[in-house]
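> Give me coordinates for this.
(chains A and B)
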Amino acid sequence: MRPFFYLAVLVSGALFGYGLSVATMVRPEVVLDFLLFRDLGLLLVLGGAMGMALIAYQLGPRLMQSPLLADHFYVHYAKLDARTLIGAAIFGVGWGLSGVCPGPAIAGLGVGNWPMLYALSGIALGAYVQGRWFPPR
Amino acid sequence: MIPELFPQGYLHYLAGGLLIGSAVGLLFLLTGLIGGMSSVFTTTWSYFSRASYFRSERSLRSRDWRLVYAGGLIVGALVYLGMSGESFQTGVSARRLLTGGFLIGFGARLGNGCTAGHGICGLASLQLPSLLAVIIFLSMAIGVAHFMRWLEVA
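Numbering: from 1, shown residues only, chains lettered A, B, ... in the order given. Just a heads-up that it's a prediction; the model follows:
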């Protein structure tokens, strides 16, 4: 069971990384062009991804007792509190500054985008500072 | 109209988005997991740090699959590189990548989600806080990108 579980995770991750590459999201320049209103492509990426995920998230638990390789469906929960809103604002500043977000930073390595190592180091460091000194109470 | 809004064409954006959504959907239907991308930067610290937040039960339980998921991301991009031969190195400066990265890591973890976690998974879960998070980070990013552009031109 476990090997299939991790294989499923790996294949899903690979499909994600392939999709990010097809959509050229591994190029920060394309993301920055979107943020500067020069190319609205990112809206199609987000819309397409959200639409497909919506179908799976909404229909899966209604049509299936459990996922194929595990015993229950997790639920995405987000709290409406200051941390969520302030965190989103800080994230947005970093995103606008670099044109990078976590998925493309990782996937970028696969297409040889070595400068992404700077972004990855920054993200890892930021996550460390958050977890070490600003954990939720 | 269309060529102006999408100077690089639009089909690859749509196709890529559908692939990404299929990946998130596939992960959910097979394993029940919610496939955000920023948590791995927290849970992976649990292999090295004794700090209590990193070693929470939730973190320890998800750290292995999150790392495999991140590894898959690189594999998928490698497959694309192998098929297309299109490698790419960004021209964005190391300083912007590093400082931007720090804010991304800190902010995404404080707010519990990034473009994937809130933008794809959260919206697909019809979560109002995620919608607000998306509106906030999009507005901030658009503002900062324009400000940086203005600095460069000025």
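
> ranges for the helices of chain B?
Applying DSSP state H to chain B gives helices spanning B:2-5, B:11-31, B:40-43, B:57-84, B:94-110, B:123-124, B:128-153.

> whoops, I mixed them up, chain A
A:2-22, A:28-35, A:41-63, A:82-98, A:102-108, A:116-133.

> can I get those helices in CSV with mean neighbour count, distance to residue B:131 and mean pLDDT?
Glycine gets a C-beta too; all of them are placed from N, C-alpha and C. CSV is the format used below for those (neighbours: other C-beta atoms under 10 Å in any protein chain shown; distance: least, C-beta to C-beta, whole Å; pLDDT from 0 to 100):
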stretch, mean neighbour count, distance to residue B:131, mean pLDDT
helix A:2-22, 23, 22, 97
helix A:28-35, 22, 19, 98
helix A:41-63, 19, 11, 97
helix A:82-98, 24, 11, 97
helix A:102-108, 30, 19, 97
helix A:116-133, 22, 23, 97
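
> Throw those into TSV and include distance to chain B, thanks.
Output for the helices of chain A, formatted as TSV (distance: least, C-beta to the nearest C-beta, whole Å):
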stretch	distance to chain B
helix A:2-22	2
helix A:28-35	4
helix A:41-63	3
helix A:82-98	2
helix A:102-108	4
helix A:116-133	2
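
> what's around residue 115, how many residues?
You didn't say which chain, so I picked chain A. Residue A:115 has 18 neighbours, counted by other C-beta atoms under 10 Å in any protein chain shown.

> that's the wrong chain, I meant chain B
30.

> and it, what is it in contact with?
By C-beta atoms under 8 Å, 6 or more residues apart in numbering or on different chains, residue B:115 lies in contact with A:46, A:95, A:101-103, B:37, B:137.

> Swap in 7 Å and give it another go.
Going by C-beta atoms under 7 Å, 6 or more residues apart in numbering or on different chains, residue B:115 touches residue A:101.

> Could you do the one 10 residues further on as well?
The neighbours of residue B:125, taking C-beta under 7 Å, 6+ apart as the test, are A:57, A:76.

> What does the pLDDT read for it?
Per-residue confidence (pLDDT) for residue B:125: 96.

> mind checking how far it is from residue B:24?
11 Å (C-beta to C-beta, to the nearest Å).

> do the same with residue B:3
30 Å.

> out of the two, which sits in the more crowded spot?
Neighbour count, other C-beta under 10 Å: between residue B:3 and residue B:24, residue B:24 has more, with 29 against 9.

> State whether residue A:14 and residue B:74 are indeed in contact, as I suppose.
No: taking contacts as C-beta atoms under 7 Å, residue A:14 lies outside contact range of residue B:74: 8.6 Å.

> show me the residues around the residue nearest to residue B:10 when sequence neighbours are not counted that make contact.
Closest residue in space to residue B:10, ignoring its immediate chain neighbours: residue A:44 at 5.9 Å, by C-beta to C-beta, 6 or more residues apart in numbering or on different chains. With contact set as C-beta under 7 Å, 6+ apart, residue A:44 has these partners: B:10, B:13-14, B:17.

> Cool, thanks, talk later.
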